[in-house]
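Colleague: sequence and predicted structure, then a few things I'm wondering about:
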Amino acid sequence: MPESAARHEIRIRVTGTNNPQQDIDDLRAWLEREPWLNRREHSWEQRPRPAGTADGTDGAEPADMAVGVDDLILVIVGAVATELTKGLGIALREWLRRRKEERAEGEAPAVDVGADGQVQAVGESPEPGSPAHGSGSTGED
């Protein structure tokens, strides 16, 4: 890997489940199947959640059933293109939709994603016109 290659980290946090570590492992396997990811040099890390985000819920949702679960960090080498961010958003929403279908009683699965220590919830259906929706202006209109 060239020393000048940019290294980007995307933090992914799974909350509201009985076994978040298993969900992190499942999500990682789910994302590894994605062609947009396989075409890029990447690696995975797990790191503790930053202080003050132990359950990731701000009290609005059920807290995690497990304590001490790490965030999953996707490390991309090179430019992070629109294809990657759009593909990641779609893949995370689909995984979350399927996980909610399989949830156990008392679970409220959620996924947060972001960079630079800032994460936000992944919605199941993004707002029309937003870049995540895919219907926004692309410059090709």
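Modeller: Good, I have the coordinates.

Colleague: centre of the chain to the longest strand seen in the chain, how far?
Modeller: Longest strand in the chain by number of residues (criterion: DSSP state E): strand 7-15. On the basis of C-alpha atoms, centre = their mean, to the nearest Å, strand 7-15 sits 6 Å off its chain's mean C-alpha point.

Colleague: quick check: can you name the pairing partners of it and their directions?
Modeller: In the sheet, strand 7-15 lines up against strand 71-77 (antiparallel), strand 110-115 (antiparallel) (DSSP bridges).

Colleague: and the first one, C-alpha only, in PDB?
Modeller: Spelled out, it's strand 71-77. Taking C-alpha atoms only, strand 71-77 is exported to PDB below (Å, rounded to 0.1, in the frame of the first residue of the first chain):
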ATOM      1  CA  ASP A  71     -18.000  -0.600  17.300                       C
ATOM      2  CA  LEU A  72     -17.100  -2.100  13.900                       C
ATOM      3  CA  ILE A  73     -14.700   0.100  12.000                       C
ATOM      4  CA  LEU A  74     -14.500  -0.300   8.200                       C
ATOM      5  CA  VAL A  75     -11.100   1.000   7.000                       C
ATOM      6  CA  ILE A  76     -11.000   2.100   3.300                       C
ATOM      7  CA  VAL A  77      -7.800   2.900   1.600                       C
END
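
Colleague: now that strand: buried residues?
Modeller: With burial defined by 16 or more other C-beta atoms under 10 Å, the residues of strand 71-77 counted as buried are 71, 72, 74, 76. All C-beta atoms are positioned from the backbone trio N, CA, C, and that covers glycine.
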